[in-house]
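*Asks:* any chance you could fold what I've pasted below:
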Amino acid sequence: MTLTDQEIEAARRATFDLGPGYPQIALPGYLRSAYLEERIVEDVALANPPAWDTTWQAAVDTGLEEAVRSMLRLPAGSYDSVSPALSGSVALDRALVAALAMSGDDGHRSTINVVTTTPSIDIMPLFLGERSQVVTRYAHSRDGDPATLDRDAVLRRIADVRASTNTGLVVLLTSPENPTGAVWRPEDLKAIGDACFEAGGVLVVDHTFLTAGVHGRADVECTWQAFGAGEDWIAIWDTGKTFGLNGDKLGFLVSGSTRTTDAVRRSLSVMQYDVSRRQKVLFAELFRRAARMDYVGHLTSVCCRNLAVAADMVTARSGLRIRRPAAGSLLLLELPPGADDERTRCRLLRAGIGVVAGSVFFHAGPRPRNLLRVALARDPDYFADGFSRLIEHVTEG
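*Replies:* You can find the predicted model right below:
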């Protein structure tokens, strides 16, 4: 089963849904009031000419970009453009389409090599598998530790591509990683990006968990910090992992150069006319209030509290082990020797506890079968109850 299949099962069948990475916590009042604001619908979403004109539309678009900049701490001059998408998955798909078109020289190169990491979210290889001209080269984690990113392994894959002829290059990274919570160090991200650009490639970095998890904002080096404007990079951010709005979300593509901006806009125009005006105004206001009231700090405190609770519950006697994330809102739970992640997941689901089998994130080489992914962005009492029952069912065997 894919990651999405497992998350849907957990959401629809589990009493304690610890599967999807989307937050399930009560919205603070300052966000709830913005979300329920009727004026957005009456004065903006349903307005048409002559009561609505192009200057107001431009103001909506400018307001959204300014709010995104505030939310992500995105300095002016550090990027070329920001483009909204219908979701984070759409943003990632369209970023890959744009990068593949650029690297393939619009069809003039016979193959395009995509260098990416394993473990990682399975949507990436699923997207790439739909495109026949793509060869995926995986860089493995260092020393068999899923949470240890290996810069040299990525650089070797880039060098392999450069040794080939008539091939394009896309480098696809995630920081923070899903599911491990690993983060690319600034010097490693810079080295990989520089090697990619020198080879004429496009760098795509998914920063979905940038504003969601146990880390501080300064703990994650962003693409725009490492490279600034002018290079061919695309960064992705998804509101869904930060704001728990039950499927109401947007994705964003931040482009590093005019060339990537043009490619992104072409790829988006195939998929969507635009995102809704209501969502633009709504999310702009959510971002403003979130930045002003430090909502990310609130979410971080929830995730850190739940991680501490999980660590306290997992004792040596249970046979379980917590793999603490450096960042992000997910943890990996290592099962006792001989346990199987998929069988354990199914048994837990029958008991009303939803989690994700860790093996779905491994796409090449060894595929561990002893890991479960557990979401931390949950109401603390709900999480504590669900996690204690998880341990009870796993240790009972």
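*Asks:* the strands in the stretch 1-150 of the chain, which residues?
*Replies:* Using DSSP state E, counting those that start in this stretch, the strands of the stretch 1-150 of the chain run over residues 16-17, 81-85, 111-118, 134-140.
*Asks:* redo these as JSON lines? Include mean pLDDT.
*Replies:* Below are the strands of the stretch 1-150 of the chain laid out as JSON lines (pLDDT from 0 to 100):
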{"stretch": "strand 16-17", "mean pLDDT": "98"}
{"stretch": "strand 81-85", "mean pLDDT": "98"}
{"stretch": "strand 111-118", "mean pLDDT": "95"}
{"stretch": "strand 134-140", "mean pLDDT": "94"}
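*Asks:* just put the ones you listed in CSV and tack on mean neighbour count and distance to Arg305.
*Replies:* C-beta: built from backbone N, CA, C; applies to glycine. As requested, the strands of the stretch 1-150 of the chain are exported to CSV (neighbours: other Cβ atoms under 10 Å; distance: least, Cβ to Cβ, whole Å):
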stretch, mean neighbour count, distance to Arg305
strand 16-17, 22, 17
strand 81-85, 22, 32
strand 111-118, 24, 30
strand 134-140, 19, 33
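*Asks:* can you list these in a markdown table and add distance to Asp385?
*Replies:* Converted to a markdown table, these look like this (distance: least, Cβ to Cβ, whole Å):
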| stretch | distance to Asp385 |
| --- | --- |
| strand 16-17 | 7 |
| strand 81-85 | 36 |
| strand 111-118 | 34 |
| strand 134-140 | 37 |
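*Asks:* ok, which of those comes nearest His215?
*Replies:* strand 111-118 (18.7 Å; Cβ to Cβ).
*Asks:* for that closest one, what is the distance to the chain centroid?
*Replies:* 18 Å (Cα atoms, centre = their mean, to the nearest Å).
*Asks:* which other residues reach that strand?
*Replies:* 96, 100, 103-104, 124-125, 128, 133-141, 149, 154, 157-158, 160-161, 164, 166-174, 177, 361-365 (Cβ atoms under 8 Å, 6 or more residues apart in numbering).
*Asks:* Gly352: which of the strands of the stretch 1-150 of the chain is closest?
*Replies:* strand 16-17 (6.2 Å).
*Asks:* next, the distance between the ends of stretch 41-52.
*Replies:* 13 Å (Cα to Cα, to the nearest Å).
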